[in-house]
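A.B. asks: Requesting a structural model of the entry that follows:
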Amino acid sequence: MVGKLKTVVWDAPDIKGLADFYVGMAGLTLQNAEDDWLTLTSADGWRFGVQYAPDYIPPRWPDPAYPQQMHVDFRVADIDAAAERAERLGAERLGGGESWHVLADPAGHPFCLCRADVEGTKIFAVTIDTDDAATLGRFYSGLLGLEVAYEGPEGVLLGSEGQQQVMFQQIAEHRRPRWPDPAYPQQLHLDITVDDPDEAERGALELGATRLPGDGETWRVYADPHGHPFCLLSNIN
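C.D. replies: Next up is the predicted model:
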């Protein structure tokens, strides 16, 4: 294990608008606000960031020319009522099936509402699109120290019930991000906390990560083997 998942981060040109949407739709709580960053938390222990991205290009799911890169899966008891509430708050219905609905939030990020025996709205997983779910699942299993809970033709799930689960969705012809190229945007990224940034970097690179431009006193930027950016953070509360 290299580090621990801390924050799932959405890019958006209107960070307050997107934060307000998830407060209303999913019951998230706003914890702190800065000019270019808002932090939200869920009752079941997840932490989300909304990062100001003025050049953000939204996905146009299911158009493969403008693919989603990651999305969040929510669990609710009544998917129809939850979808209607989300639409009233500014979401757009995109599709779905018997037990789930796919919508886009006001910034264009797709998300899923999945039927489950839960009270309120719970987070199921953050899902990463890839053309090789098995390989990317192994990378993140080593990076985050999460065991493979399921592996099948449609994808891979890491983590057990009660953990912050990460899923990998198999997409036949996935157009990978090429951050910082705005034509191939990241859309979302993961922030991962580590104890020793140099040791963590060695571990991430050995697993197959690539160092990307951009860093600060407490963070460094990398790409996973399929191009999805992530940050390793140190000395972060």
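A.B. asks: what residues are up against the closest residue to residue 70 other than its chain neighbours?
C.D. replies: Using C-beta to C-beta, 6 or more residues apart in numbering and skipping the chain neighbours, the partner closest in space to residue 70 is residue 188 (4.0 Å). In short, each C-beta sits where N, CA and C put it, glycine included. Neighbour list for residue 188: 8, 9, 10, 11, 69, 70, 71, 109, 126 [criterion: C-beta atoms under 8 Å, 6 or more residues apart in numbering].
A.B. asks: Need these in a markdown table (columns: neighbour count).
C.D. replies: Listed next are the contacts of residue 188 as a markdown table, based on neighbours: other C-beta atoms under 10 Å:
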| residue | neighbour count |
| --- | --- |
| 8 | 22 |
| 9 | 24 |
| 10 | 26 |
| 11 | 24 |
| 69 | 25 |
| 70 | 24 |
| 71 | 26 |
| 109 | 25 |
| 126 | 19 |
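A.B. asks: Which ones among those lie within helices?
C.D. replies: Using DSSP state H, no member of these falls in helices.
A.B. asks: Point to the helix or strand of the protein where mean pLDDT is at its lowest.
C.D. replies: Ranking every helix and strand in the chain by mean pLDDT, DSSP states H and E puts strand 210-215 at the bottom, with a mean of 92.
A.B. asks: Tell me which residues of it come out buried.
C.D. replies: The neighbour-count check on strand 210-215 (16 or more other C-beta atoms under 10 Å) flags residue 212 as buried.
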